[in-house]
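Engineer: what shape does this take:
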Amino acid sequence: MYKLSTRGRYFRRFISSKVLPVWSILLIDLLIIAISVFGSYLLRYDWQTISQYSSVIGRSILTVALVNLFFFHAFRTYSNVLRFSSFVDVMRIFVALTVSYGLLAVFIVLFEHRLHPMFLPFSVLFVSYVCSFALMACSRVVVKIMFDVLSFDRNHSEKNFIQPFL
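Structural biologist: Residues are numbered from 1 along each chain as shown. Coordinates of the predicted model:
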């Protein structure tokens, strides 16, 4: 008999009996945005520069998160059940991120003279955009694969026999 580990039983119970709440999907997406912006700053600058301008970087992360929150709501990127994610959901994420980061780029160009030089340089903005999309798309795919693996029941699987046509 096939027996699941404790971790497997937990995931199976969590994924099969409950649907991840909408607010938690949105929080995960916003966490991904914050991590990608901070990671982009880490790739662009050194630790000393980041610690010196931590308030500006914090405002940058908050600005990007709020703009993305608005467009996540407008495009409803969080509304579907993650275990039933599809290509349409990934395209919805792509469009929402493209519009929000495009708007941020236009904002930076228009108000460049009023902004701090460390406030979202284009290199940070672009790397953050790519990382955000990759992480959000991968998170949807990983949850879908996890659900498929954990919901596979060996006791109820059928053996299919294909007969050749004569």
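
Engineer: show me what the lengthiest helix in the chain is packed up against.
Structural biologist: The residue-count maximum for a helix in the chain (DSSP state H) belongs to helix 122-151. Packed against helix 122-151 by the contact rule (3 or more Cβ pairs under 8 Å, 6 or more residues apart in numbering; DSSP states H and E) you find helix 6-17, helix 22-44, helix 54-75, helix 87-110. Quick note: C-beta positions are derived from backbone N, CA and C, even for glycine.

Engineer: make a markdown table from those and add distance to Val142 to it.
Structural biologist: Converted to a markdown table, these look like this (distance: least, Cβ to Cβ, whole Å):
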| stretch | distance to Val142 |
| --- | --- |
| helix 6-17 | 12 |
| helix 22-44 | 11 |
| helix 54-75 | 19 |
| helix 87-110 | 13 |
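
Engineer: compare those and give me the one nearest Cys131.
Structural biologist: helix 22-44 (3.8 Å; Cβ to Cβ).

Engineer: run the chain-centre distance for the closest one.
Structural biologist: Helix 22-44 sits 7 Å away from the centroid of its parent chain (Cα atoms, centre = their mean, to the nearest Å).

Engineer: in this protein, what secondary structure element scores lowest on mean pLDDT?
Structural biologist: Within the chain, no helix or strand scores below helix 6-17, which has a mean of 56 by mean pLDDT, DSSP states H and E.

Engineer: who are the contact partners of the residue nearest the centre of the chain?
Structural biologist: For the chain, the residue nearest the mean C-alpha position is Met136 (2.3 Å; Cα atoms, centre = their mean). Residues counted as contacts of Met136 (Cβ atoms under 8 Å, 6 or more residues apart in numbering) are 29, 32, 77, 93, 97.

Engineer: swap the cut-off to 7 Å and go again
Structural biologist: Applying Cβ atoms under 7 Å, 6 or more residues apart in numbering, we find Met136 in contact with 29, 32, 93.

Engineer: list buried residues within those.
Structural biologist: Buried residues within the contacts of Met136, defined by neighbour count using 16 or more other Cβ atoms under 10 Å: 29, 32, 93.
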